[in-house]
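Engineer: any chance you could fold what I've pasted below:
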Amino acid sequence: MALDREALVAGLGLALADAATRSAADLADAETRAATALAELEARMDAALVDLDGATAELVQLRFAEMLEKMAAEIAALPPAEPGAPGADGRDGVDRMAVLPRMVRSGESCSANEIAWHANGLWQSVRTTSGGPGDDPSGWKCLVPGISDFTMRPDWQAREFVFAARMSDGQLFECRGRMTAGPLPPDYLDKGWGVLAGDTLRPPAGPDGSGGDVELMALRDGALLGNPADWQETRLRGFRGQKGLKGDAGERGAPGPGLVGLDVVRGDAGLVILPRFADPAIEAEPIALQLLTADPEPGRQLIATWSGAWLASRTYGRGDVVRGIIAGEPRLLLSVVPENNRPPHDDRAWQVMI
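Structural biologist: Numbering: from 1, shown residues only. Modelled structure (predicted):
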């Protein structure tokens, strides 16, 4: 009986183990089938939602278009609007204060945060000051700088014009403009001028006359005089040729009608000048000198003698008349001093008559 009970218990244990194994396998299979079914259901639900969204969007657009058409028809049926009565005038704003810049005199007191006009710029005081930005620079700050001064000066060494703008806050801005090339003065080195490409220079002629007919043109900026590679030489006139042979003398031409001389003779009332012309057909009218008088007027000298051409070896007396040369021109001279041996150009001894 005991053996049967043990066999029964062992058989029951084997049956339970087999049942547990089969149950576990069935459970795993069921879970797999459930997961597959759930995935298929989610896919079908996603497709249905997409179809629903598209249909809903089309329906909304259609309804919106119908509403717009209805609203446009209602607006078109409204009567035209009449203009309303004008509104009341507005009032000045009080939400902020307009600050006008002021001109600050020297020594005038200013509180902090005041706006002032100085040197064409706007300044603000950073503390209580005594005077404007020019008197108390550390007490002011430049808000809007302007141009306080503008100058232009030439820089001859660089051959440029320098334009300088001084701002209200003291900054200096410069720009330069290049000069154009042109003729250089002969003393450009003494003046401190620089050289630009294209400048021309005519060296002065030497003692023998050479060099005056040559013009030099600078080939680069800063060309050095005396360096042939920096200059291009242009001869303005060719070299002088050899002197040709002297030709035969031509026939003597006819005398011209000009005056060729003066003859001085003594007349009844004084000296008479007879002009001589190259053309003998021209009759010369005598010119009488009315200086010969027995009693000359004050300031007039008595003509005593016609003495011909002036000679350095001869001594003349007062009243002698001679023909002399002054500054290359023939003159008729009257001696005004006794024992006169001075040259004709001495106006203390001779009086020019003609």
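Engineer: confidence score at Val265?
Structural biologist: pLDDT, Val265: 70.
Engineer: check the one 10 residues further on too.
Structural biologist: Among the per-residue scores, Pro275 shows a pLDDT of 75.
Engineer: A strand includes it, no?
Structural biologist: Yes - remark: Pro275 belongs to a strand, assigned using DSSP: H, G, I helix; E, B strand; the rest coil.
Engineer: run a quick neighbour tally on it.
Structural biologist: By other Cβ atoms under 10 Å, 14 other residues sit near Pro275. All C-beta spots, glycine's among them, are computed from the backbone N, C-alpha and C.
Engineer: hmm, it is touching Ile287, no?
Structural biologist: Yes - shown here, Pro275 and Ile287 form a contact pair, counting by Cβ atoms under 8 Å, at 7.4 Å.
Engineer: list the buried residues of the helix or strand containing Ala165.
Structural biologist: Element membership for Ala165, per DSSP states H and E: strand 160-167. Buried residues in strand 160-167, counted by 16 or more other Cβ atoms under 10 Å: 160, 166-167.
Engineer: give me the angle between the next helix or strand after it and strand 160-167.
Structural biologist: Next along the chain after strand 160-167, taking DSSP H and E as the criterion, comes strand 172-178. Angle between the axes of strand 172-178 and strand 160-167 is 160 degrees (criterion: axes from the mean of the first three to the mean of the last three Cα atoms, to 10 degrees).
Engineer: using PDB, write out the CA atom coordinates for strand 172-178.
Structural biologist: Output in PDB follows, covering the C-alpha atoms of strand 172-178 (Å, rounded to 0.1, in the frame of the first residue of the first chain):
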ATOM      1  CA  LEU A 172      42.600 114.900 -36.400                       C
ATOM      2  CA  PHE A 173      41.700 113.300 -39.700                       C
ATOM      3  CA  GLU A 174      44.000 113.800 -42.700                       C
ATOM      4  CA  CYS A 175      43.700 112.900 -46.400                       C
ATOM      5  CA  ARG A 176      46.300 113.500 -49.100                       C
ATOM      6  CA  GLY A 177      45.900 114.300 -52.800                       C
ATOM      7  CA  ARG A 178      48.800 113.900 -55.200                       C
END
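Engineer: distance from it to the middle of the chain?
Structural biologist: Centroid displacement of strand 172-178 relative to its chain, using Cα atoms, centre = their mean, to the nearest Å, is 9 Å.
Engineer: likewise for stretch 136-144?
Structural biologist: On Cα atoms, centre = their mean, the centre of stretch 136-144 falls 33 Å from that of its chain.
Engineer: and it, how far apart are its ends?
Structural biologist: 18 Å (Cα to Cα, to the nearest Å).
Engineer: check what contacts it and list those residues.
Structural biologist: 110, 115-116, 118, 121-130, 132-133, 168-169 (Cβ atoms under 8 Å, 6 or more residues apart in numbering).
Engineer: can you rerun that using 10 Å?
Structural biologist: Residues from elsewhere that reach stretch 136-144 (Cβ atoms under 10 Å, 6 or more residues apart in numbering): 101, 104, 106, 110, 112, 114-116, 118-134, 167-171.
Engineer: please identify the buried residues of it?
Structural biologist: 136, 139-140, 142.
Engineer: quick check: mean pLDDT across it?
Structural biologist: The model assigns stretch 136-144 a mean pLDDT of 89.
Engineer: can you give me the neighbour number for Gln157?
Structural biologist: Neighbours around Gln157, by other Cβ under 10 Å: 12.
Engineer: for it, give me its contacts.
Structural biologist: So Gln157 contacts 191-195, 222 (Cβ under 10 Å, 6+ apart).
Engineer: who wins for most neighbours among these?
Structural biologist: Val195 (22 neighbours).
Engineer: how many residues are close by the nearest residue to Leu334 once chain neighbours are set aside?
Structural biologist: Of all residues not flanking Leu334 in the chain, Gln351 sits nearest, at 4.5 Å (Cβ to Cβ, 6 or more residues apart in numbering). Per other Cβ under 10 Å, the neighbour tally for Gln351 reads 15.
Engineer: surely Gln351 and Ile326 touch.
Structural biologist: No - using Cβ atoms under 10 Å, Gln351 is not in contact with Ile326, being 11.8 Å away.
Engineer: joint contacts of those two?
Structural biologist: With Cβ under 10 Å, 6+ apart as the test, Gln351 and Ile326 both reach Leu333.
Engineer: next, the buried residues of stretch 329-342.
Structural biologist: Neighbour count says stretch 329-342 has 331-335, 340, 342 buried, by 16+ other Cβ under 10 Å.
Engineer: please apply the same query to stretch 342-354.
Structural biologist: 342, 344, 349-350, 353.
Engineer: secondary structure and pLDDT for the buried residues of stretch 329-342 - can I get that in CSV?
Structural biologist: Formatted as CSV, the buried residues of stretch 329-342 follow (DSSP: H, G, I helix; E, B strand; the rest coil; pLDDT from 0 to 100):
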residue, secondary structure, pLDDT
Arg331, strand, 86
Leu332, strand, 85
Leu333, strand, 86
Leu334, strand, 87
Ser335, strand, 88
Asn340, strand, 87
Arg342, coil, 90
